[in-house]
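Trainee: sequence-free structure coming up:
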Ligand SMILES: C[S@@+](CC[C@H](N)C(=O)[O-])C[C@H]1O[C@@H](n2cnc3c(N)ncnc32)[C@H](O)[C@@H]1O
């Protein structure tokens, strides 16, 4: 079965306007094409639990796009850690073509699909990487290598910060996408964020147009290099999360 998400284009445009996010002219059409490929491939591979086209627009595209209303991504180097089917990274790249994007995930099948999807959509400047976040962060060129790291729905904030902050240059940002009930996580994460070289900035709540839900962005500024020894091995991170 093939899918046509071009009827979503007006909803995408309205949502971007409501968020105050500017788009290249072909942005909404490219997003619709991406959504169609996503739903098509989802029939044979587990890529998303969200299959209703309106919800794909609201909870995938517009949720991802909201980050562009928080900070300027133009010409930035960006890594999306645990990108899955490409969220939030791919919508960011479609809506801000000047950014240079790395999509990283530990599941090879998803990464191979992302590669072919980016080729089909003609998205250049995107590197798709099959790797574990905690291992890749130790590699030269990756450690302290990005202006911005983003991540959604991958792990608790303390685990996520250990996985993501090492990628960020001093002065850069790690943006963790969370729900509004992240208060407890936030309280727990404060100390470990500073241990890893970060500084929590005020949380930023945003309403997703059309969806009637509010999500929370937890921005972390990297203020000093992440100490050697982080991220630790996965078994260690899981067994004893930083406190
Ligand atoms: C629930 S999915 C979220 C995908 C996407 N970020 C989204 O919001 O739709 C979590 C993804 O993180 C990846 N993942 C989990 N732990 C990882 C790790 N240590 N390194 C790299 N990828 C990881 C999984 O393979 C999966 O694709």
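Mentor: Nice, I can see it. Note that this is a predicted model, so its numbers are computed, not measured.

Trainee: how many neighbours does residue 33 have?
Mentor: Neighbour count of residue 33, defined by other Cβ atoms under 10 Å: 19. Placement of C-beta: from N, CA and C, glycine included.

Trainee: my bad, residue 108
Mentor: 10.

Trainee: distance of it relative to the ligand?
Mentor: According to Cβ to the nearest ligand atom, to the nearest Å, residue 108 and the ligand sit 10 Å apart.

Trainee: residues in contact with the residue nearest to that residue when sequence neighbours are not counted?
Mentor: Nearest residue to residue 108 in three dimensions, chain neighbours excluded: residue 130, at 4.7 Å (Cβ to Cβ, 6 or more residues apart in numbering). With contact set as Cβ atoms under 8 Å, 6 or more residues apart in numbering, residue 130 has these partners: 105-108, 111-112.

Trainee: now the phi/psi pair for residue 130, please.
Mentor: phi -90, psi 100 (degrees, to the nearest 10).

Trainee: so what's it bridging to?
Mentor: Bridge pairing for residue 130 (DSSP bridges) gives the partners residue 105.

Trainee: how much space between it and residue 112?
Mentor: Applying Cβ to Cβ, to the nearest Å, the value for residue 130 to residue 112 is 8 Å.

Trainee: could you report the separation of the closest residue to residue 131 other than its chain neighbours from the ligand?
Mentor: Spatial nearest neighbour of residue 131, excluding adjacent residues (Cβ to Cβ, 6+ apart): residue 104 at 5.8 Å. For residue 104, the distance to the ligand (Cβ to the nearest ligand atom) stands at 6 Å.

Trainee: burial of residue 104, as a residue count?
Mentor: Applying other Cβ under 10 Å, I find that residue 104 has 26 neighbouring residues.

Trainee: give me every residue that touches it.
Mentor: 79-83, 129, 131, 133, 136.

Trainee: are any of the residues you listed buried, and which?
Mentor: Buried members of the contacts of residue 104, counted by 16 or more other Cβ atoms under 10 Å: 79-83, 129, 131, 133, 136.
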